[in-house]
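Engineer: For reference, the sequence and a predicted model appear below.
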Amino acid sequence: QKEVEQNSGPLSVPEGAIASLNCTYSDRGSQSFFWYRQYSGKSPELIMSIYSNGDKEDGRFTAQLNKASQYVSLLIRDSQPSDSATYLCAVNPSGATNKLIFGTGTLLAVQP
Amino acid sequence: DGGITQSPKYLFRKEGQNVTLSCEQNLNHDAMYWYRQDPGQGLRLIYYSQIVNDFQKGDIAEGYSVSREKKESFPLTVTSAQKNPTAFYLCASREAGGTEAFFGQGTRLTVV
């Protein structure tokens, strides 16, 4: 079982719709969770971080964390063509605070 | 400006040669990381360091070596033992304790 799993996609949504990206993780004791966006050929940039159960909103982005079910999701409201990118989920496993593990990423395509 | 600098941006290596990728940060971060990314794939952890003169293997450390003699610097050497080194290499750093990581612009290594 991979430590962090994501559907590779592509996830295709029309412009203006809500894009929902999901991530599951295997280490129940994980404490810190991050969503990064990566454009083709570029380095990842942080979108959201979340540390406790529930929702965290920042502009058009909402991160949701459910530790009991071991998943974290990212919602993008009013999706724009400029949101088309690969979205990477990252997790700090328990017992190794400074280790940071990434999923394989989900490719999002927003259709104009 | 504070940030993470990777050099060179592009690197070509002949088979059987060792090469060293540079990563420097002036963010005063304790933890530093090296990841490898293959086309269409996520980030795989090679090595990480939590403090000067200390580092841990990630999931794919074979054929790579690192050093952390200074807080600001975390060079990665790709040795001839790495059989398939062509990839995009990303360096990251962050404060200790599980905060978000920041990435350099990456080095694209090609074996010719």
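Structural biologist: In hand now; what should we look at?

Engineer: Flag every residue of chain A that's near chain B.
Structural biologist: Contact residues, chain A versus chain B (Cβ under 8 Å from any Cβ of the partner chain): A:6, A:8, A:31-32, A:34, A:42-46, A:49, A:51, A:88, A:90, A:92, A:97-105. Placement of C-beta: from N, CA and C, glycine included.

Engineer: Need phi/psi at B:Ala101.
Structural biologist: In terms of degrees, to the nearest 10, the main-chain angles of B:Ala101 are phi -100, psi 150.

Engineer: go on, A:Ser82?
Structural biologist: With angles defined as degrees, to the nearest 10, A:Ser82 sits at phi -70, psi -10.

Engineer: who does the closest residue to it other than its chain neighbours bridge with?
Structural biologist: Distance criterion Cβ to Cβ, 6 or more residues apart in numbering or on different chains; nearest residue to A:Ser82, sequence neighbours excluded, is A:Val110 at 7.9 Å. Bridge pairing for A:Val110 (DSSP bridges) gives the partners A:Val13.

Engineer: before we move on, what about B:Tyr10?
Structural biologist: As for beta bridges, B:Tyr10 partners with B:Arg108 under DSSP bridges.

Engineer: got the contact list for it?
Structural biologist: B:Thr107, B:Arg108, B:Thr110 (Cβ atoms under 8 Å, 6 or more residues apart in numbering or on different chains).

Engineer: Okay, strands next: where are they in chain B?
Structural biologist: For chain B, applying DSSP state E gives strands covering B:4-7, B:10-13, B:19-25, B:31-37, B:43-51, B:54-57, B:64-66, B:76-78, B:87-94, B:102-103, B:107-111.

Engineer: All set now, cheers.
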